[in-house]
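**Q** missing the sequence, but the structure's below:
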């Protein structure tokens, strides 16, 4: 690298120049109009309606999950409404061979990747059968430790590279997750190995209650890619077409051997952090809520599809009815799971049960058979 | 048969398993071209290529996460943590992630990772290099923790650890790396995990130890023999899970026991062993089961190492208390 005389080098100017480069990618505006024709991913009508199906379905799943949680029929649940474009349009760019390493809010992507709905409900209820992954389903269970999945994604991606697979590892976290050391280590490792990974930070503005501006002095989270020497993109996370397009591009680069990408999706969660007592009115005003509601991904996508003549109320109602029916059936199926026993859990500790665990297993099995 | 040091036996085991199983990957800080700071991975990159033996960026948490991810792609990772005092940086990947993978996924996913790492006092390292942190690992359900005390055991135990389908923490005492040689077969062999080894038979007292304390215990036993005491030395070899059967059989035979560990006394492996003995063999005991350990301070700055670390003299003193109780 050519040396530059110190008096000519202005680090503040360099920083400002970098930060200015990270403009938000938008393709579909709040009115459902294409504002960036060149970037339009040009999905077929069939693909567009399928993506809308998934977003509507997932909004219903969120509403039902919240209500089931309030009735005491679900356990741990992190609401997803507002993040449908961010979650499902990014997932729409993946194939079944791609491996998803999710955070705990990323249940929708796992379901659309093939995680049976009743298993997602069992996971929520804290039953081990929820996480028993069917053969060939390329996902991890939702990660609870913020950021742990990011370094694992670098490992899965490196493994895919070594296996010469044409697939990618995709991991999701939130704006808070981008402050963890594991976030930087994951980006840096994947970058150093040029591993096929996509790191998606769903910047929903709050890490529980802590606002985004308290997480970092950086103007965007996307620019953090620069330090790892990998591409970073800031995208309108309420715009399904933009999220799809940047994820598809990142995937293409990764599969070609051009390494990982960091994507920051600017979005919002309408609901609380989780259903375990978080009260968003303590840290957000209703003005902020309504400002984001105007950007709603379903609203703008509906407008766009209606204008194209490929979506209407009847279609939407059909999806809503289907979702409600399937959710009902999945809950029923989850209700049918056998009661979880301590002996089940002890048996899951090791491949071969060691002496100490065997002794305890015998005690619990005797108790359980009474 | 070749006379090998423990470090050579470890390299030999790695080579054996890399030949046996193309899914075995060796990686960490400086393990590639440099062959590791102790040369444990000497020559491996040259023999097996950069795809299977490689340097990583300098970040322990990243190394742990990388291992988990590679395991999810069907590999059998053998990462090195350069010194075990750095384990705090990778605690979540070990305790929070790989130890729970089988359980969390209802048995559908595993983490067949073997983390190798040097530890142990007496070699005048800077701070955070020598601490005996095996107790932290042994307290985590889902892990196995292996600590060899001889070159022969190191090879057989490391091969078994790599083949094990659960995560194994394989701790290598730095003082033992080159302190003595032993005949180590060139061919492959395994030593089962979770099995202790009676390193010396005796009738009057059982000394239970692991790692560098095994040699110190043998020295003490030899001294005691001159004083007409017959002392058995049990080398735990695996501290999680413990080989209760061997421990109890020995104590039932001798009626007296002491437990030796290099780690501080508080909440340690020795305390667990004492509890198992009193739980299961109290009626065989003719004296209290005492412990020989380091004091409950942080691992000392190197000038105080020699007096801080337990040695054969400390073991001898405690052994006599129990023998003459």
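**A** Right, received. Where do you want to start? If you're wondering where the values come from, they're calculated on a predicted model, not measured in any experiment.

**Q** drop to CA atoms for contacts and neighbour counts, all remaining ones
**A** Fine.

**Q** Enumerate every residue touching the residue of the stretch 201-325 of chain B found nearest chain A.
**A** Per CA to the nearest CA, residue B:241 is where the stretch 201-325 of chain B lies closest to chain A, at 6.5 Å. Going by CA atoms under 8 Å, 6 or more residues apart in numbering or on different chains, residue B:241 touches A:354-356, B:138, B:144-145, B:194.

**Q** Point out the residues in the stretch 101-250 of chain B that sit beside chain A.
**A** B:102-109, B:141-142, B:165-166, B:194, B:241-244 (CA under 8 Å from any CA of the partner chain).

**Q** Would you enumerate the residues in contact with residue A:164?
**A** With CA under 8 Å, 6+ apart, residue A:164 has no contacts at all.

**Q** for residue A:61, same thing?
**A** Residue A:61 neighbours (CA under 8 Å, 6+ apart): A:323-324, A:327.

**Q** Ramachandran coordinates for it?
**A** phi -60, psi -40 (degrees, to the nearest 10).

**Q** Tabulate the contacts of residue A:61 (JSON lines), appending neighbour count.
**A** Below are the contacts of residue A:61 laid out as JSON lines (neighbours: other CA atoms under 10 Å in any protein chain shown):
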{"residue": "A:323", "neighbour count": "21"}
{"residue": "A:324", "neighbour count": "15"}
{"residue": "A:327", "neighbour count": "20"}
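
**Q** Turn these into JSON lines, including distance to residue B:296 and secondary structure.
**A** Listed next are the contacts of residue A:61 as JSON lines, based on distance: CA to CA, whole Å; DSSP: H, G, I helix; E, B strand; the rest coil:
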{"residue": "A:323", "distance to residue B:296": "60", "secondary structure": "helix"}
{"residue": "A:324", "distance to residue B:296": "60", "secondary structure": "helix"}
{"residue": "A:327", "distance to residue B:296": "56", "secondary structure": "helix"}
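
**Q** now those residues in JSON lines, with pLDDT and distance to residue A:164?
**A** Formatted as JSON lines, these follow (pLDDT from 0 to 100; distance: CA to CA, whole Å):
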{"residue": "A:323", "pLDDT": "98", "distance to residue A:164": "38"}
{"residue": "A:324", "pLDDT": "98", "distance to residue A:164": "41"}
{"residue": "A:327", "pLDDT": "98", "distance to residue A:164": "38"}
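
**Q** of those, closest to chain B?
**A** Chain B lies nearest to residue A:327 out of these, by CA to the nearest CA, at 22.6 Å.

**Q** Report whether the expected contact of the closest one with residue A:117 is present.
**A** Yes - if you go by CA atoms under 8 Å, residue A:327 and residue A:117 touch, sitting 7.4 Å apart.

**Q** Take the contacts of residue B:241 and keep only those in strands.
**A** Members of those lying in strands (criterion: DSSP state E): B:144-145.

**Q** Dump the contacts of residue B:241 to JSON lines, plus neighbour count.
**A** Formatted as JSON lines, these follow (neighbours: other CA under 10 Å):
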{"residue": "A:354", "neighbour count": "18"}
{"residue": "A:355", "neighbour count": "15"}
{"residue": "A:356", "neighbour count": "13"}
{"residue": "B:138", "neighbour count": "21"}
{"residue": "B:144", "neighbour count": "26"}
{"residue": "B:145", "neighbour count": "26"}
{"residue": "B:194", "neighbour count": "21"}
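
**Q** Which of the contacts of residue B:241 sits closest to residue A:304?
**A** Nearest to residue A:304 out of the contacts of residue B:241 is residue B:144 (CA to CA; 56.6 Å).

**Q** Okay, the closest one and residue B:60: tell me how far apart.
**A** Look at residue B:144 and residue B:60: by CA to CA, to the nearest Å, they are 19 Å apart.

**Q** care to break chain B down by domain?
**A** Using the TED database, the domain parsing of chain B gives B:2-184, B:197-324.

**Q** Switch those domains over to TSV; also include mean pLDDT and distance to residue A:77.
**A** Shown next, in TSV, are these (pLDDT from 0 to 100; distance: least, CA to CA, whole Å):
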stretch	mean pLDDT	distance to residue A:77
domain B:2-184	98	17
domain B:197-324	98	35
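
**Q** Name the helix or strand for residue B:239, please.
**A** strand B:238-240 (DSSP states H and E).

**Q** Now that strand: buried residues?
**A** Within strand B:238-240, the residues that count as buried by 16 or more other CA atoms under 10 Å in any protein chain shown are B:238-240.
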